[in-house]
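S.K.: output the structure for:
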Amino acid sequence: MSIKALLAIPFAKQVRKQVYKWANKPHKTQEKMFQYLVSEGCKTAFGKDHDFISINSYADFKKRVPVTDYEGLRTYVDRMVAGEQNVLWKGKPLYFAKTSGTTSGAKYIPITKESMPTHIKAARNALLFYIAETKDASFVNGKMIFLQGSPVLEDLNGVKLGRLSGIAAHYVPNYLLKNRLPSWKTNCIEDWDTKVDKIVEETINQDMSVISGIPSWVQMYFEKLIAKTGKPISETFPNFNFFVYGGVNFEPYKNKFEALIGKKVDYIELYPASEGFIAYQDTQTEKGMLLQLNSGIFYEFIPAAEFYDENPTRICLKDVKLGVNYVIILNTSAGLWGYNIGDTVEFTSLKPYRIKVTGRIKHFISAFGEHVIGKEVEKALNDAIIGTKTTISEFTVAPQVNPESGLPYHEWFIEFENEPENLTELAQKIDASMQHQNVYYFDLITGKILQPLIIRKVKKGGFHEYMKSIGKFGGQNKIPQLSDNRKIAEVLKNFLV
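M.R.: Okay, here's the model as predicted:
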């Protein structure tokens, strides 16, 4: 074992001990964070507009700061983009992370000198926790790849602008630079197909030990490697033993990945967002990710079932319960206040606080009052294929409200890697799981309002072609796994078998 690997183990244990100190005092930690954020917020235009100076409690805060989203803060962000200081946070941001908007085109999420280190430290700590738990740091001797956006940054009135993953590429520590792939030149390639082809060239003869990225794009990388070598990933990279991912639920991809890799590996789940690094998996033995309570974020939660009510319940960490689907609300050291990032989460543990992402508050199906959420469709699909040779590349679900004949239904668009022996049987299993999980869906099926779901087979590579057709191929772009309208479904009909 190298000196670097030997030194990593005691350092990892020390970091884990420090993290669990605040994790074991969660309410005190969040109260200190609340006081700090409000105190700093007093100095800003937003803080003055919302009377931060008179906030003495969380109850005061809720009265003065509404729950909002990017559109709600856009007038403030536009002032920052124009170069104004002390708007949402003191001074000017270090960066704007550019993300895809739904109603207003691109969004510019501020990242400040206070918030940027929290992104880097959390990503680092996720790897250190793995070392501390397994007592294995051998991967630091191998090559590491992070499939990410281009690190080329633009200048916007004195503030650097780029994708979050591209910004983070500028913060790789020196001791990892020699181990890191792809090359800077390759990372700067914008076209995703060209980029992945070049990454395959650069890595095919390397000792890859850590691979990280959104599962759908890493899957594409693996498939291209296998096409070149004719071997499973484990033979090309014998020292590759764990995969780091974030952004989506991995369960629907797991069987496919293990088939591509050719052996079981460990997984580390991250929950990074441009708005803040929210959580990471701190252990291989427990479900969920450790909520980052000491990283410049004060969290609030709204039960998802109440989110669109006129006066929904709005709580802080001490009042959350297990098994409830919450919309997560952020207040951050980048100046986002009462900010709904659109994700829903569920707590898997309260000691310490661990969460899992269950979906998007806007990604649901309730065309018939069924209130189906992402967690349910993902579990139903996983329930149906477990113990079989069926593997899924990608899927999405939409309601079919006006079929040409018969009752309405949920339409599942699935791209198979290994097809099921009996598609009808698979549909029945998925539908049974949906009925078991969701009482509203059960009532609609048994009440003959809906017929059982129907599967449409998407041709191989069809989802990639779809993403190209809408200009969202590669990088951090992800397929919504369900939607309440037919927008995606109508385009996907062009990519069916």
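S.K.: by mean pLDDT, flag the weakest helix or strand of the protein.
M.R.: helix 174-177 (a mean of 70; mean pLDDT, DSSP states H and E).
S.K.: mean confidence (pLDDT) on the following helix or strand past that one, please.
M.R.: Sequence order places strand 180-181 as the next helix or strand after helix 174-177, per DSSP states H and E. The average pLDDT for strand 180-181 rounds to 88.
S.K.: what pairs with strand 180-181, parallel or antiparallel?
M.R.: Sheet pairing of strand 180-181 (DSSP bridges) gives strand 143-146 (parallel).
S.K.: and the residue nearest to residue 322 when sequence neighbours are not counted, what element?
M.R.: Distance criterion C-beta to C-beta, 6 or more residues apart in numbering; nearest residue to residue 322, sequence neighbours excluded, is residue 347 at 5.3 Å. In short, each C-beta sits where N, CA and C put it, glycine included. Using DSSP H and E, residue 347 sits within strand 339-350.
S.K.: which helix or strand lies directly C-terminal to that strand?
M.R.: Sequence-wise, the next helix or strand downstream of strand 339-350 (DSSP H and E) is strand 353-360.
S.K.: domain-wise, how is the chain divided?
M.R.: 1-294+350-359, 364-493 (the TED database).
S.K.: using JSON lines, lay out the ones you listed together with mean neighbour count.
M.R.: JSON lines is the format used below for those (neighbours: other C-beta atoms under 10 Å):
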{"stretch": "domain 1-294+350-359", "mean neighbour count": "18"}
{"stretch": "domain 364-493", "mean neighbour count": "18"}
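S.K.: re the thing from before, can you give me the mean pLDDT across the strand holding residue 347?
M.R.: 93.
S.K.: in it, what's buried?
M.R.: 339, 340, 341, 342, 343, 344, 345, 346, 347, 349 (16 or more other C-beta atoms under 10 Å).
S.K.: how about the residues you listed, which pair is most distant?
M.R.: 339 and 349 (24.7 Å; C-beta to C-beta).
S.K.: just list whatever residues bridge to the closest residue to residue 355 other than its chain neighbours.
M.R.: Spatial nearest neighbour of residue 355, chain neighbours left out: residue 345 (4.5 Å); criterion: C-beta to C-beta, 6+ apart. Beta bridges link residue 345 to residue 357, judged by DSSP bridges.
S.K.: separation between residue 345 and residue 418?
M.R.: 32 Å (C-beta to C-beta, to the nearest Å).
S.K.: just for the stretch 1-150 of the chain, where's the confidence low?
M.R.: Scanning the stretch 1-150 of the chain for pLDDT under 70 picks out 1, 100-105.
S.K.: would you map the helices across it?
M.R.: Here the stretch 1-150 of the chain has its helices, by DSSP state H, counting those that start in this stretch, at 3-23, 26-41, 45-49, 58-64, 70-81, 116-134.
S.K.: ranges for the strands of the stretch 351-497 of the chain?
M.R.: Assigned by DSSP state E, counting those that start in this stretch, the strands in the stretch 351-497 of the chain fall at 353-360, 364-365, 372-373, 391-400, 409-418, 454-457.
S.K.: repeat that for the stretch 101-250 of the chain.
M.R.: Per DSSP E, counting those that start in this stretch, the stretch 101-250 of the chain has strands spanning 106-111, 143-146, 154-156, 159-162, 180-181, 208-212, 242-246. These are given in chain order.
S.K.: redo the ones you listed as a markdown table? Include distance to residue 95.
M.R.: Formatted as a markdown table, the strands of the stretch 101-250 of the chain follow (distance: least, C-beta to C-beta, whole Å):
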| stretch | distance to residue 95 |
| --- | --- |
| strand 106-111 | 4 |
| strand 143-146 | 18 |
| strand 154-156 | 9 |
| strand 159-162 | 5 |
| strand 180-181 | 20 |
| strand 208-212 | 21 |
| strand 242-246 | 19 |
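S.K.: out of the ones you listed, which comes closest to residue 132?
M.R.: Per C-beta to C-beta, nearest to residue 132 of the strands of the stretch 101-250 of the chain: strand 242-246, 13.9 Å.
S.K.: and the average pLDDT for that closest one is what?
M.R.: Mean pLDDT, computed over strand 242-246, is 89.
S.K.: ok, now which ones touch the residue lying closest to residue 428 once chain neighbours are set aside?
M.R.: Nearest residue to residue 428, sequence neighbours excluded (C-beta to C-beta, 6+ apart): residue 452, at 7.0 Å. When contacts are counted by C-beta atoms under 8 Å, 6 or more residues apart in numbering, residue 452 touches 409, 427, 428, 431, 445.
S.K.: for residue 397, see how far away the fourth one is.
M.R.: I take that to be residue 431. Distance of residue 431 to residue 397, computed by C-beta to C-beta: 12 Å.
S.K.: what do the two both touch?
M.R.: Taking C-beta under 8 Å, 6+ apart as the contact rule, residue 431 and residue 397 both touch residue 453.
S.K.: want to throw the domains of the chain into a markdown table with distance to residue 334?
M.R.: Below are the domains of the chain laid out as a markdown table (distance: least, C-beta to C-beta, whole Å):
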| stretch | distance to residue 334 |
| --- | --- |
| domain 1-294+350-359 | 4 |
| domain 364-493 | 18 |
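S.K.: so how far is residue 357 from the closest residue to residue 240 other than its chain neighbours?
M.R.: Once flanking residues are discounted, residue 240 sits nearest to residue 208: 5.2 Å by C-beta to C-beta, 6+ apart. As judged by C-beta to C-beta, residue 208 and residue 357 stand 27 Å apart.
S.K.: figure out which of the domains of the chain is closest to residue 308.
M.R.: Between residue 308 and the domains of the chain, the shortest gap by C-beta to C-beta is with domain 364-493, which sits at 10.2 Å.
S.K.: tell me the contacts of the closest residue to residue 398 other than its chain neighbours?
M.R.: Nearest residue to residue 398 in three dimensions, chain neighbours excluded: residue 489, at 3.9 Å (C-beta to C-beta, 6+ apart). By C-beta under 8 Å, 6+ apart, the contact list for residue 489 reads 396, 398, 400, 411, 413, 483.
S.K.: switch the cut-off to 10 Å
M.R.: 396, 397, 398, 399, 400, 411, 412, 413, 456, 483 (C-beta atoms under 10 Å, 6 or more residues apart in numbering).
S.K.: one step back: so which of the helices of the stretch 1-150 of the chain comes closest to residue 389?
M.R.: Nearest of the helices of the stretch 1-150 of the chain to residue 389, taken as C-beta to C-beta: helix 116-134 at 30.1 Å.
S.K.: by contact count, what packs against that closest one?
M.R.: Using 3 or more C-beta pairs under 10 Å, 6 or more residues apart in numbering; DSSP states H and E as the contact test, the elements touching helix 116-134 are helix 3-23, helix 164-168, strand 208-212, strand 242-246, strand 266-273, strand 276-280, strand 289-291.
S.K.: could you dump these into TSV and include distance to residue 222?
M.R.: Converted to TSV, those look like this (distance: least, C-beta to C-beta, whole Å):
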stretch	distance to residue 222
helix 3-23	26
helix 164-168	19
strand 208-212	9
strand 242-246	10
strand 266-273	14
strand 276-280	23
strand 289-291	24
